[in-house]
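Participant: Test case, fold it:
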Amino acid sequence: FPSHDKHQNKPMKTIFLGDTHGRTLWKDIINKESPNRIVFIGDYFDSTEISSENQLNNFLDIVEYKKNNSESTTLLIGNHDFHYMFNYERYNGFQPKMYPQFNHLLKLHEKLFQVVVLIDNLLCSHAGISSEWLRIHSIKENGDIVSDINELFTTRPMAFSFNGKYRDWE
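Facilitator: From the prediction side, this is the model:
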């Protein structure tokens, strides 16, 4: 996703890494692409092919990467993170035995995560946000939509529980 750095008038390269589900491929992508910005789109857990321990370690690597690259890296929350944060709703791959560890790590590092980020007039989230959802939650599209949505998550996280028409599509 190329754009321009307004301050230095040079190309910016942003990569979006979605649904890692414990996979470490993100490291190879970052090394190969050398981006200026990285947005992890969420869903850090719940692989059926990767051990719980490896998923946990991969999550810690992502957190550490964010800490070391805080200005250029954004961590978004996905539905597979949401169900470990709040013990609410269950999506494919949920690991009840890992709930205490995953919950603890997400809560421990919750300040590193957000629900949406705005990059070059593109509102980025894990699963999209509809105008209807914004209306229901009294968020104005012409206001500070990013702050309003992220603040709503801190004050009323259940507003982010599943609201879609097709549950399998999330």
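
Participant: In stretch 67-81, which residues are buried?
Facilitator: 73-81 (16 or more other Cβ atoms under 10 Å). Every residue, glycine included, has its C-beta placed from N, CA and C.

Participant: Just the ones of the residues you listed in strands?
Facilitator: Using DSSP state E, the subset of those located in strands is 73-76.

Participant: Closest one of the residues you listed to Asn103?
Facilitator: Leu75 (16.3 Å; Cβ to Cβ).

Participant: Of all pairs in the ones in strands among the buried residues of stretch 67-81, which one is the farthest apart?
Facilitator: The span of these, defined through Cβ to Cβ, is set by Thr73 and Leu76 at 10.8 Å.

Participant: joint contacts of those two?
Facilitator: 39-40 (Cβ atoms under 8 Å, 6 or more residues apart in numbering).

Participant: ok so, going back, make TSV from the ones in strands among the buried residues of stretch 67-81 and add distance to Asn54 to it.
Facilitator: Output for those, formatted as TSV (distance: Cβ to Cβ, whole Å):
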residue	distance to Asn54
Thr73	21
Thr74	23
Leu75	19
Leu76	22
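
Participant: ok, of those, which one's closest to Val117?
Facilitator: Val117 has its nearest neighbour among those in Thr74, at 4.7 Å by Cβ to Cβ.

Participant: Show me which positions of the top strand by length along the chain end up buried.
Facilitator: If you go by DSSP E, the chain has its longest strand at strand 10-17. Residues 12, 14-17 are the ones in strand 10-17 that count as buried (16+ other Cβ under 10 Å).

Participant: Show me the strands in the protein, by range?
Facilitator: Going by DSSP E, the chain shows strands at 2-5, 10-17, 37-40, 73-76, 113-114, 117-119, 122-124.

Participant: returning to what we had before: mind giving me the packing neighbours of the longest strand of the chain?
Facilitator: When contacts are defined as 3 or more Cβ pairs under 8 Å, 6 or more residues apart in numbering; DSSP states H and E, strand 10-17 packs onto strand 2-5, helix 25-33, strand 37-40.
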